[in-house]
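In: model the structure of this input:
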Amino acid sequence: MAPEADRLPAGPHRWPDFLALDEDDLRELVDGHFLEIEVPNEFHEWVVTWLVTSLTNWAHPRGAGFAFASGYKVRIRKDRGVMPDVQFYRGRRGRLPLRGLHRGAPDLAVEVVSPSSRRGDRVVKLGWYASIGTPEYWIVDPMTRTLDRFLLSSGGTPEPTGHYLHHDLFAPESLPELVIDLSQRWPADDDDD
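Out: Numbering: from 1, shown residues only. Okay, the predicted model is just below:
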């Protein structure tokens with residue numbers, strides 16, 4: 001447990017307590033309690049790096065925005081905060097608070113599925129991101145080598161808009177000219193002996 005957590009009052013915890021956690025503390029704030037999230041494995045982190053690099057390489061020359069990898073905190077409500085595996089924001093980076101987004105939503109949130117996070121990413125976090133108005137959400141599953149895309153409807157409901165397989169080209173119209181060749185984006189898993 002991080003030293004900062006020892007200085008926090010006993011729960012229930014709120015958004016300021018979540019922001020006070022050390023940047024290496026991987027817990028998320030769920031209904032007033034800090035919950036451990038699974039420590040990402042190499043495969044998970046490879047996918048996160050690939051997505052951040054793809055988004056950055058697309059956005060930078062266009063001045064279209066910027067991507068963050070795991071660690072930047074997003075407030076869902078006063079007793080709930082998460083750290084998406086990847087998040088993308090349109091516009092300039094200087095407009096965001098340094099330690100975490102306390103108001104608003106990322107323009108894109110991405111969760112990379114781990115064995116223990118399957119339900120949380122596909123059901124719970126899908127609803128949480130919708131509740132703060134995140135217009136686009138991707139779920140990337142390294143085990144099945146798939147990407148699922150959801151867009152927020154005008155009624156505030158996340159709607160599935162595509163299920164992409166390991167051999168597909170993924171070209172979301174919300175990010176014009178971004179093309180991700182999924183067949184080229186999975187690490188070799190031949191050293192899992």
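
In: so who does the residue most central in space within the chain touch?
Out: In the chain, the residue lying closest to the centroid (C-alpha atoms, centre = their mean) is P84, at 2.5 Å. Going by C-beta atoms under 8 Å, 6 or more residues apart in numbering, P84 touches 70, 72, 74, 106, 109-111, 129. Quick note: C-beta positions are derived from backbone N, CA and C, even for glycine.

In: so where's this structure uncertain?
Out: Applying pLDDT under 70 to the chain flags residues 1-10, 39, 187-193.

In: any chance you could list what contacts the lengthiest helix in the chain?
Out: Counting by DSSP state H, the longest helix found in the chain is helix 42-59. The contact list for helix 42-59, computed with C-beta under 8 Å, 6+ apart, reads 40, 64-70, 85-86, 88, 108, 110, 112, 114, 140, 142, 175, 177-178, 180, 185-187, 189.

In: in it, what counts as buried?
Out: For helix 42-59, the neighbour count (16 or more other C-beta atoms under 10 Å) marks 43-44, 46-48, 50-52, 54-55, 58-59 as buried.

In: for stretch 118-125, same thing?
Out: Judged by neighbour count using 16+ other C-beta under 10 Å, the buried positions of stretch 118-125 are 120-121, 125.
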